[in-house]
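1. Below is the sequence, then the predicted model.
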Amino acid sequence: MSLAWNTREMIDGECAAGTPIEYHFLSGRQLFDSSIATIDINHSSAGHFAVLGDGRWYTVTVVTRPVYALPQELCLSFVCAHKTESVGNSTSFGPPADEVAFEFGAILSLLAREPLVPLGIRRQGGVAVRLESSAGRIYRTASSSSKPPAGIDSKALRAMLLGLAKADEADAKAVMSAVKLYHVGLSLASFDMSSAYFSLVSAIECLSGHYFQKKQFLFDDEVKFQAQGRAINKLEPFNVPAEIIDEIKKAAVNGEHFVSRKFRDFVEEFLPTTFWVDDDLYPSASLTKIPSDKLMVFLKEAYAARSDFTHEGAPFPDHVQIGFAHQVPVSAVLQASQLGSARKFVPPFIWFERLTHCVILEFLYKVIAPDLDEKRKMREAKKSSIVAAIGKLSEPAKTSLRRLADWTLKFNGWALIGPRANDSEWATDSSAISELHDSGLLGRDTASGTSWIKDRLVGEAIGEHFYGSGDNPFRKCTILLSEGLD
């Protein structure tokens, strides 16, 4: 828990006399700070930061040039407080820089869905440090395709770190254990898929066991006790006292840890609805569509495979590798070809990786950083109201808005922000323009006769109305103005 401790020291002002640290990582995916308003994430100023900061608070700069070159070398800069630790008659004093940096790197890996490889300290207290690290030499990525750049919201990250520092210690320990296991899973995936998958299941178990540690389970409600229940029912002719029957049931419940049940219940509670939208990182995950109403069935399969691997040494089936690596065994392809007709199977690694990412992140939002969760809810509520307002527009206004949306999307991926369209190119008539502008959906320059979609939130709402939430092209679209900058 060094990261939470050091963050508390920063909050309390105890880092004033701390040691400046520069710690390097490797990333197989380009990282950039999505909170920086820019038309080009590769620009020398915007591209310089993966996490914006002042060098004392956790700041991540891009060392690699050009900034989009992979693997990307990153420099984490922060001030590390000094810590005194004693064991027996021995005492140590100094900055636990490696521990703080590694835990920060694990959280950044969670946000980026990319295993950052720690290279070690490169500068401490202003003095260059030369350390040989084997991590860089064994670096290996097996992505099946080039990964899109990952935007890191430094403001949200700051809220998470502050929440982690203020959180209940047991909650903080559980979530950091889960984050580290997630990082381990991503790191191992290129070498041993079974161990990687096992690590992801274990990451969720860290949180589910902690979150449900006081949950009470009833004998009569659990499917696993049905056989024992039938045996107990056979005692009825013998008039066994009810208190003895209750004692038998209680003993059966107390002898179980319900780890599988807690695992599934936790996922069900913390898996956000956005999970069921197609994956931007691994589009091939949609090849093995798993319907939301069958989630529990497939979670059981994943957990059963985990148990077979743990207790019997049976590896996960080869087909779980599909979609992750450039090359997979022939057996994986043959197995995957049969999945279309299968009612249940162990989900692919890329599907389960995203699920693990989503539930850990959701736990961070709801339990560790509730203020951040509240802001997110307010934003979703505002977007829902915009979608409802679009539905009430007149038909000419809807037609015009759809035309403007289609025109705007032509520039998706371009290095520009807030493309302006001539009103004559999209509007059916002047009344439609006025209606859309009065509804707060558009920005408009009457002098030049141009209009534009107001901001990214409005763009998301427009996309959800016309294209659907699953295929919304304005989701994560960067060509529109950030909210509040119109």
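-> Received it, and whenever you're ready, just let me know what you need.
2. Quick check: buried residues in stretch 173-180?
-> The neighbour-count check on stretch 173-180 (16 or more other Cβ atoms under 10 Å) flags 174-180 as buried. The C-beta positions use only the backbone N, C-alpha and C, and glycine is treated the same way.
3. Using the three-state scheme, assign the residue most central in space within the chain.
-> In the chain, the residue lying closest to the centroid (Cα atoms, centre = their mean) is H357, at 4.1 Å. The three-state label for H357, taken from DSSP: H, G, I helix; E, B strand; the rest coil, comes out as helix.
4. distance of the residue nearest to it when sequence neighbours are not counted from D279?
-> Of all residues not flanking H357 in the chain, R113 sits nearest, at 5.6 Å (Cβ to Cβ, 6 or more residues apart in numbering). For R113, the distance to D279 equals 10 Å [Cβ to Cβ, to the nearest Å].
5. intersection of neighbour lists for these two?
-> R354 (Cβ atoms under 8 Å, 6 or more residues apart in numbering).
6. more neighbours, these two?
-> R113 (20 against 16; other Cβ atoms under 10 Å).
7. At which residues are the strands of the stretch 1-150 of the chain located?
-> 19-27, 31-33, 49-51, 59-62, 72-80, 83-87, 90-94, 117-124, 127-128, 150-152 (DSSP state E, counting those that start in this stretch).
8. and of those, who's closest to L457?
-> strand 150-152 (16.0 Å; Cβ to Cβ).
9. strand partners of that closest one, parallel vs antiparallel please.
-> strand 31-33 (parallel) (DSSP bridges).
10. Give me the pLDDT for the residue nearest to I290 when sequence neighbours are not counted.
-> Of all residues not flanking I290 in the chain, F298 sits nearest, at 5.4 Å (Cβ to Cβ, 6+ apart). Looking at F298, its pLDDT stands at 95.
11. F298 belongs to a helix?
-> Yes. Assessed by three-state DSSP, F298 belongs to a helix.
12. Figure out the helix or strand that C477 lives in.
-> C477 is part of no helix or strand when elements are defined by DSSP states H and E.
13. Just confirm it contacts I462, I think it does.
-> No. At 10.4 Å, C477 and I462 do not qualify as touching, with contact defined as Cβ atoms under 8 Å.
14. so where is the stretch 151-300 of the chain shaky, pLDDT-wise?
-> The stretch 151-300 of the chain contains residues with pLDDT under 70 at 218, 224-225, 252-253, 255, 257, 284-288.
15. as a whole number, average confidence for stretch 466-478?
-> 86.
16. Got phi/psi on the residue nearest to H357?
-> phi 60, psi 40 (degrees, to the nearest 10).
17. wait, isn't it in contact with L186?
-> Yes. Using Cβ under 8 Å, R113 makes contact with L186 at a distance of 7.5 Å.
18. Quickly list what's touching both of these two.
-> By Cβ under 8 Å, 6+ apart, the residues touching both R113 and L186 are E353.
19. Which parts of the stretch 301-450 of the chain are helices?
-> 330-337, 349-363, 370-391, 395-409, 423-426, 430-438 (DSSP state H, counting those that start in this stretch).
20. which one is G391 nearest to, not counting chain neighbours?
-> H465 (6.7 Å).
21. chain center to the helix or strand hosting the one you found, what's the gap?
-> Here H465, judged by DSSP H and E, is contained in helix 456-467. Per Cα atoms, centre = their mean, to the nearest Å, the displacement of helix 456-467 from the mean C-alpha position of its chain is 22 Å.
22. likewise stretch 322-335?
-> Using Cα atoms, centre = their mean, the offset of stretch 322-335 from its chain centre is 25 Å.
23. Report the rounded mean pLDDT for that stretch.
-> 81.
24. Touching the helix holding H465 from outside, list them.
-> Residues contacting helix 456-467 (Cβ under 8 Å, 6+ apart): 379, 382-383, 386-387, 390-391, 401-402, 405, 408, 440-441, 453, 472-475, 477-478, 480-483.
25. again, only this time at 7 Å
-> Defining contact as Cβ atoms under 7 Å, 6 or more residues apart in numbering, one finds that helix 456-467 is touched by 379, 382-383, 386-387, 390-391, 401-402, 405, 441, 453, 472-475, 477, 480-483.
26. L441 and I453, how far apart?
-> Using Cβ to Cβ, L441 is found at 7 Å from I453.
27. The two - which one has more neighbours?
-> Taking neighbours as other Cβ under 10 Å, L441 and I453 compare with I453 leading, 29 against 23.
28. Who's the closest spatial neighbour of that one, skipping the chain neighbours?
-> Leaving out its chain neighbours, I453 is closest to G459 (Cβ to Cβ, 6+ apart), at 5.1 Å.
29. okay, now the domains of the protein?
-> 2-154, 193-215+258-366, 382-467 (automatic domain parsing).
30. where does the stretch 351-486 of the chain have low pLDDT?
-> Checking the stretch 351-486 of the chain against pLDDT under 70 turns up 484-486.
31. what about 90?
-> Along the stretch 351-486 of the chain, segments meeting pLDDT under 90 span 412-418, 468-472, 475-479, 481-486.
32. The stretch 1-150 of the chain now?
-> Across the stretch 1-150 of the chain (using pLDDT under 90), the flagged ranges come out as 1, 10-18, 35-47, 54-56, 83-94, 126, 129-148.
33. if you set the cut-off to 70 instead, what comes out?
-> In the stretch 1-150 of the chain the weaker segments, taking pLDDT under 70 as the threshold, are 14-16, 131-145.
34. For the closest residue to F212 other than its chain neighbours, give me its contacts.
-> Nearest-residue entry for F212: K262, 4.4 Å, with adjacent residues in sequence omitted and distances by Cβ to Cβ, 6+ apart. When contacts are counted by Cβ under 7 Å, 6+ apart, K262 touches 208-209, 212.
35. that older thread, next, format the strands of the stretch 1-150 of the chain as CSV and append mean neighbour count and distance to D308.
-> Formatted as CSV, the strands of the stretch 1-150 of the chain follow (neighbours: other Cβ atoms under 10 Å; distance: least, Cβ to Cβ, whole Å):
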stretch, mean neighbour count, distance to D308
strand 19-27, 23, 33
strand 31-33, 25, 36
strand 49-51, 24, 39
strand 59-62, 22, 39
strand 72-80, 23, 37
strand 83-87, 10, 40
strand 90-94, 9, 43
strand 117-124, 19, 30
strand 127-128, 8, 49
strand 150-152, 19, 33
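36. A314 is nearest to which of the ones you listed?
-> Among the strands of the stretch 1-150 of the chain, strand 117-124 sits nearest to A314 (Cβ to Cβ), with 29.8 Å.
37. Could you name the helices and strands sitting against that closest one?
-> strand 19-27, helix 97-112 (3 or more Cβ pairs under 7 Å, 6 or more residues apart in numbering; DSSP states H and E).
38. Turn the ones you listed into CSV, including distance to Q124.
-> CSV is the format used below for the helices and strands packed on strand 117-124 (distance: least, Cβ to Cβ, whole Å):
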stretch, distance to Q124
strand 19-27, 6
helix 97-112, 7
